[in-house]
Every structure is written in C-alpha cells, then in structure tokens.
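Participant: Give me a 3D structure for the following:
(one chain, ligands or ions: 1)
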Amino acid sequence: MNRQALDELKQQIPLLDYLKAHAWQPARQLSRGRLIGLCPLHEDHAPSFLVDPRKNLFYCYGCGRGGDVIRFTELYHQVKFPQALASLRQWLGLPPLLRATTDFYRMQLHRHPEAVAYLCQRGIHSPELLEHMRIGYAPGGCLRRGLTELGYSISVLHAAGLITSVGYDAYTHRVVFPLEGNLYGRSISASAPPHRFLPGVKGGLYAWEHARRCPAVILVEGLFDYAVLWQAGFHNVTCSMGTHLNVHQYRQLCDSRRTVYLVFDADNNGGGQKAAQSLAGQLTEQGLSVRSVLLPDGHDPNSFFVQGGDAQQFQSLLEAAQ
Ligand SMILES: [Zn+2]
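Facilitator: A predicted model of the protein is given here:
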C-alpha cells in the first residue's frame, strides 16, 4: 500500500470516530479543539490520553504512546501493521449499524468468560484470528441500550432484526461474526437453535477479498471451519455458510480459472459429500480445477483441528485430494 492510499484510509476514518466507536469518551476539552480522556491502551485513573481531532493524532502522557488511527489499531487490538490496515478497511466497509453492533459485541467478548471458553472449545484462541474475523459475543439484554445511546432508534434496530418486536436482543448467548451485510450468530448453549442470521441475504463468500488473489482456494461450509484453517495458516480459505452456494457466491468462485479445494463435512448421512460432488461438477464445467478433500469419517475441518489435527496433516489431505 503506497503513501497516498494510506493517507486516504486515514482521512476516511477520523480517529475520533474510531475511538468513540470503541467506547472512548473524552473527559474534557482543551484548547484548539483537543480532547483528553482515560487511555484505552493502559490502566488509567486520571485522564492522560490526548486526542487532536484536527491532526487525527493521539498521545498518552501515561504510557507514552501516540500516533494515528493505524497505530492506535495496532496497539488496541495488538496486531501488526498489515492486520491493522485490513481491520480498518473491513471496519470501513461495514454498513454503519452493523459496524456499531459488531463493535458493541466485540467489547462484550472478553467480559464474558463463557464465550471465550466456548471459542476455545471450538479451537479458536489466537488474538489475530479474533481481530481478523471481528468475533464478538452477544450476552443478551444490553444491545438496545448500547445502541440507542449511540443514537439508533428502537424502530431501526427492530427493522434490522437486531431486536424483537418486544425489545429483546435477537442475538442472545451467541458468538457473533459480522458478514458483508449480515450477522451470523452461533448459540453457545445446546438448547437454542444453533445458527442465526439477520433477515435478508447472507451475502458473498466470506472474506473473499483476501482469498480471491490466491491461485488455489479452500472452500468450507462453516465459519468455525474457516476459523481453524485460517488460524493454522491457511489464509487462502473462504466459506459459503452452508453447502448451497447462492448465485453471487457461485459467480465469485468462477471469476477466474482457479483451483478449488472443496472441504465439506464428512457427515454420516452423506449430505455434505453429495453437495460437494454436485458443486464439483458445476465448477468443472466452468473450467475450474476442483479437488474434493476427504476428511476422516464423521469430521468437519473444525473437529479435525479441535481433535488434534495439525497444519501438516491437513496439508497432506489437500495433496491427496483428487
Ligand atoms: Zn496510555
């Protein structure tokens, strides 16, 4: 990314907007429009975090750190420069309401050990992955207040499907993942239906902008499959969120003559494999090179890694695929 593109990105994301979206509040105003408040980067008891909205810069007198919105993202999410850029671009790309909801739920994740424990149990633990997928947690009973405080009306929240007609959070006890124009929620309790989306389309292939540049992509059916593969270093992975691709997803996959590794669930009733076979046929007709990856019986990519499979073993499965 060149200097000009970096400057453009910074102009598109005013530091103050980004800070406020991450629950930062100024304690008071100083001269020349500058603001001071508690530092979100260290344990702060007296306001020491200075923000200059005109220059789009921050500096903390407590921890001595400062810089622009990219530097803040690196420090706040503890990621490296390229991940900070990707994260800011993704943040920018989300519709405002979805972005506000995602930010709100992300702040809840580390306040709820049951959510972190659930993610661990599904093999998800790296901070880079949490940041890359912008994973959050919906505890329930708090979204309405959080978002009305940001100025969203109850009718807007209801129309989006985020709260029910009687005002309850639609996502309760769910780990949430923002999609292009939707929100996927996975229940962490066995008594609720496992999957939830907002009304409307599920959108295109997951994180397609990252995967599409690779000559070979790995297609999986679930976001937890995506997560463990990404975490294991397979960044050429994408996800269709189900075994049936919508027209948009199908066109995306066919936009170049790439190789596609299909890794659908090896479920006992054979549904995943049947779907994979039929998709393989269609993609081959479009001139793509398709390999169906066979997992051990009863496994999906998530369970494969959770039960001790590693990157090297998965790589061997890819190489053995026909
Ligand atoms: Zn500080």
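
Participant: Using CSV, write down the CA coordinates of the helix or strand bottoming out on mean pLDDT in the chain.
Facilitator: Lowest mean confidence among the helices and strands of the chain (mean pLDDT, DSSP states H and E): helix 81-93, at a mean of 81. Output of helix 81-93 as CSV, limited to C-alpha atoms (Å, rounded to 0.1, in the frame of the first residue of the first chain):
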residue,chain,number,x,y,z
PHE,A,81,0.7,-3.1,10.7
PRO,A,82,-0.8,-5.2,7.8
GLN,A,83,-3.5,-6.7,10.0
ALA,A,84,-4.3,-3.2,11.4
LEU,A,85,-4.8,-2.0,7.8
ALA,A,86,-7.0,-4.9,6.9
SER,A,87,-9.0,-4.5,10.0
LEU,A,88,-9.6,-0.7,9.4
ARG,A,89,-10.6,-1.4,5.8
GLN,A,90,-13.1,-4.1,6.9
TRP,A,91,-14.4,-1.7,9.6
LEU,A,92,-14.9,0.9,6.9
GLY,A,93,-16.7,-1.5,4.6
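
Participant: Name the next helix or strand downstream of it, please.
Facilitator: For helix 81-93, the following helix or strand on the C-terminal side (DSSP states H and E) is helix 96-109.

Participant: what residues does this protein put near the ion?
Facilitator: Residues of the chain lying close to the ion (CB under 5 Å from the ion) are 39, 41, 42, 60, 62, 63. All C-beta atoms are positioned from the backbone trio N, CA, C, and that covers glycine.

Participant: OK, contacts around the residue most central in space within the chain?
Facilitator: In the chain, the C-alpha nearest the mean C-alpha coordinate belongs to residue 133, at 2.3 Å (CA atoms, centre = their mean). Residue 133 sits next to 177, 207, 223, 226, 227, 230 when contact means CB atoms under 8 Å, 6 or more residues apart in numbering.

Participant: Run through the strands of the chain in chain order.
Facilitator: 26-29, 35-37, 49-52, 57-60, 66-67, 136-138, 174-178, 183-187, 195-196, 216-220, 237-239, 259-263, 289-292 (DSSP state E).

Participant: Can I get those in CSV including mean neighbour count, mean pLDDT and distance to residue 322?
Facilitator: Listed next are those as CSV, based on neighbours: other CB atoms under 10 Å; pLDDT from 0 to 100; distance: least, CB to CB, whole Å:
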stretch, mean neighbour count, mean pLDDT, distance to residue 322
strand 26-29, 12, 95, 60
strand 35-37, 19, 97, 59
strand 49-52, 21, 98, 57
strand 57-60, 20, 98, 54
strand 66-67, 16, 97, 50
strand 136-138, 26, 98, 39
strand 174-178, 24, 97, 32
strand 183-187, 22, 96, 31
strand 195-196, 16, 93, 31
strand 216-220, 23, 97, 14
strand 237-239, 25, 97, 20
strand 259-263, 22, 96, 11
strand 289-292, 17, 95, 6
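
Participant: Including distance to residue 276, could these go into TSV?
Facilitator: TSV is the format used below for the strands of the chain (distance: least, CB to CB, whole Å):
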stretch	distance to residue 276
strand 26-29	53
strand 35-37	52
strand 49-52	51
strand 57-60	49
strand 66-67	47
strand 136-138	31
strand 174-178	23
strand 183-187	21
strand 195-196	20
strand 216-220	9
strand 237-239	14
strand 259-263	5
strand 289-292	5
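
Participant: For residue 102, find the nearest of these.
Facilitator: Closest to residue 102 of the strands of the chain, according to CB to CB: strand 174-178, at 4.3 Å.

Participant: Share the number of residues neighbouring the nearest residue to residue 271 once chain neighbours are set aside, please.
Facilitator: Closest residue to residue 271 apart from its sequence neighbours, by CB to CB, 6 or more residues apart in numbering: residue 243 at 6.9 Å. Residues lying near residue 243 (other CB atoms under 10 Å) number 19.

Participant: Give me the pLDDT value at residue 243.
Facilitator: With respect to pLDDT, residue 243 scores 86.
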